[in-house]
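S.K.: This is a predicted model, with the sequence first.
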Amino acid sequence: MNNYLPVSDASFNKMSLPISNSLLEQLSHVLNKHPEVINDNHITINFRDKRYSVERGGYHPVEIALSKDANNHYSIMYITDFSFNGYPQLERDIDFDLSNAAVFTRHSGWKGIASPSMSNLYKLWESNFIDYLDMKAYDQIELRSH
């Protein structure tokens with residue numbers, strides 16, 4: 001049995017959350033559009049709705065960090081969803097920190113990633129995020145490599 005999930009042109013290591021092939025395919029698609037980062041070991045992808053504001057609302061910005069191992073398989077290090085939370089600056093709303101097996105929510109703080117409620121929260125969050133990607137809600141997708 002393999003320890004990775006091949007998706008299109010990118011392979012992803014298995015992770016501690018039930019990350020769907022749909023999300024992995026979306027990430028692979030984004031990576032394939034940016035061949036300039038193909039050799040980089042650490043990549044951050046930022047998804048933005050440029051209209052999102054305190055006044056108008058909109059789709060929360062999302063940041064996903066990837067790390068590539070020696071076998072060219074990616075791991076998701078973290079997925080962070082930001083919102084204004086009533087403040088004029090963006091704040092972390094939900095943070096799935098896979099590299100430290102923890103989940104942060106602004107309502108309950110840090111919890112272990114293995115909790116069944118965290119798996120359910122992740123599935124709900126991911127389903128919404130994929131729907132937003134399919135709707136092309138994010139009009140700015142940027143990659144940074146480190």
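M.R.: Cool, the structure landed.
S.K.: only C-alpha atoms for contact and neighbour calcs from this point on.
M.R.: Will do.
S.K.: Dump stretch 65-73 to CSV, restricted to CA.
M.R.: Below are the C-alpha coordinates for stretch 65-73, written out as CSV (Å, rounded to 0.1, in the frame of the first residue of the first chain):
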residue,chain,number,x,y,z
ALA,A,65,1.0,25.8,2.8
LEU,A,66,2.6,22.8,1.1
SER,A,67,5.9,21.0,1.6
LYS,A,68,7.5,18.7,-0.9
ASP,A,69,9.6,15.7,0.3
ALA,A,70,12.6,14.1,-1.3
ASN,A,71,10.3,11.8,-3.3
ASN,A,72,8.5,14.9,-4.8
HIS,A,73,5.3,14.2,-2.8
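S.K.: Centre of the chain to it, how far?
M.R.: 15 Å (Cα atoms, centre = their mean, to the nearest Å).
S.K.: One more: stretch 33-42?
M.R.: Using Cα atoms, centre = their mean, the offset of stretch 33-42 from its chain centre is 17 Å.
S.K.: Can you tell me what sits against it?
M.R.: Residues from elsewhere that reach stretch 33-42 (Cα atoms under 8 Å, 6 or more residues apart in numbering): 31, 43, 65-69, 143, 145-146.
S.K.: Would you mind measuring from Leu124 to Asp131?
M.R.: 11 Å (Cα to Cα, to the nearest Å).
S.K.: for Asp95, same thing?
M.R.: 19 Å.
S.K.: Now do the residue nearest to Val103 when sequence neighbours are not counted: how many residues are near it, please.
M.R.: Excluding the flanking residues, the one nearest Val103 by Cα to Cα, 6 or more residues apart in numbering is Phe96, at 4.7 Å. Phe96 has 26 neighbours, counted by other Cα atoms under 10 Å.
S.K.: residue contacts, Phe96?
M.R.: Residues near Phe96 by Cα under 8 Å, 6+ apart: 78-80, 102-104, 113, 122.
S.K.: and the residues you listed, which of them are in helices?
M.R.: Those of these mapping onto helices are Tyr122, per DSSP state H.
S.K.: So the residue nearest to Val103: helix, strand or coil?
M.R.: strand (DSSP: H, G, I helix; E, B strand; the rest coil).
S.K.: Show the pLDDT at it.
M.R.: We have a pLDDT of 97 for Phe96.
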